[in-house]
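Predicted coordinates and the sequence they were generated for:
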Amino acid sequence: MKTITDTKLIQQWIKENHIYNYFDTKDLIFEAYSYDKGELITSPNKILNTVMFFISGSVKIYGIREDGSLSSINYLDSPFMIGDLEFSNHGLSPFFTESNTETICLSLSVEKYYDELCHDILFLHLLLKSYSSKLIQASTMNTIAPTIEERLLLYFQTNHEIRGIEKATHQLHCSRRQLQRVLKKLCDNNKIEKIGKGSYRLK
């Protein structure tokens, strides 16, 4: 993690990404950080005392099972927020978040502004929206579309294309081998077509 100290650049990013629109509280002071690819941002054994708005790059979110294997949770492309679950859980993170590319975030100290944020209606609405989005995504993928093929077709209906196998495995909660097997089946059945390396779309 590297600290970005250019205050003019930070204010420019805040303005370009409309960050102040998420808060009623005035005069909030944000810091900015960059993460290298492969760097851990959150983990279950690390307290997160910030809310982070990522304005560039992507991350993968995963858990680790008792046998040491990885359990894919999600893959996020900027813009996105990290710290919503931790805000409501005393800073404890249930998962690992790893930078999948070089990323940049605007960070707000929860420790410094906790009392204000607990009474900030716009911010609390943002948290509710984030929680509901994650709940809907999880319930849709696991309940409405329990098999990988069903989840993949649902994903295509929503996103139209897959660009990158690794990203898709995290979003569909499956292994690379499982996904490639289903992609081949759907291609053979003429339901989707390959448009490039790791890229597919509905026909």
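The structure has been received and is ready for your questions.

buried set for the top helix by length along the chain?
In terms of residue count, the longest helix belonging to the chain (DSSP state H) is helix 121-139. For helix 121-139, a neighbour-count test (16 or more other Cβ atoms under 10 Å) marks 123, 126-127, 130 as buried. C-betas here are computed from N, CA, C, even on glycine.

What of stretch 166-173?
167-173.

for stretch 177-185, same thing?
179, 182-183.

And for stretch 58-78?
For stretch 58-78, by 16+ other Cβ under 10 Å, it's 58-62, 72-76, 78.

can you give me how far that stretch is from the chain middle?
10 Å (Cα atoms, centre = their mean, to the nearest Å).

quick one: terminal-to-terminal distance for it?
6 Å (Cα to Cα, to the nearest Å).

hang on, the earlier thing: tell me which of the buried residues of stretch 58-78 has the lowest pLDDT.
Lowest-confidence member of the buried residues of stretch 58-78: Ser72, scoring 75 (pLDDT).

State whether that one is indeed within a helix.
No. Read with DSSP: H, G, I helix; E, B strand; the rest coil, Ser72 is strand and lies in no helix.

ok, it to Arg65 distance?
11 Å (Cβ to Cβ, to the nearest Å).

Same check on Glu102?
For Glu102 relative to Arg65 (Cβ to Cβ), the value is 29 Å.

from the buried residues of stretch 177-185, which ones fall inside helices?
179, 182-183.

Let's verify the residue sitting nearest the centre point of the chain: helix, strand, or coil?
Of all residues in the chain, the one closest to the mean position by Cα atoms, centre = their mean is Leu76, 3.3 Å from it. Here Leu76 is recorded as strand under three-state DSSP.

hey, what's it bridged with?
With DSSP bridges as the criterion, Leu76 is bridged to Val59.

and the longest helix of the chain, how far out from the chain's middle?
13 Å.

circling back to that earlier point, considering the ones in helices among the buried residues of stretch 177-185, which member attains the minimum pLDDT?
Among these, Leu179 has the weakest pLDDT, 88.

Tell me who's in contact with it.
Neighbouring residues of Leu179 by Cβ atoms under 8 Å, 6 or more residues apart in numbering: 148, 152, 165, 168-169, 172.

can you pull out the helices in this protein?
Under DSSP H, the chain gives helices at 7-16, 84-87, 110-118, 121-139, 148-159, 165-172, 176-188.
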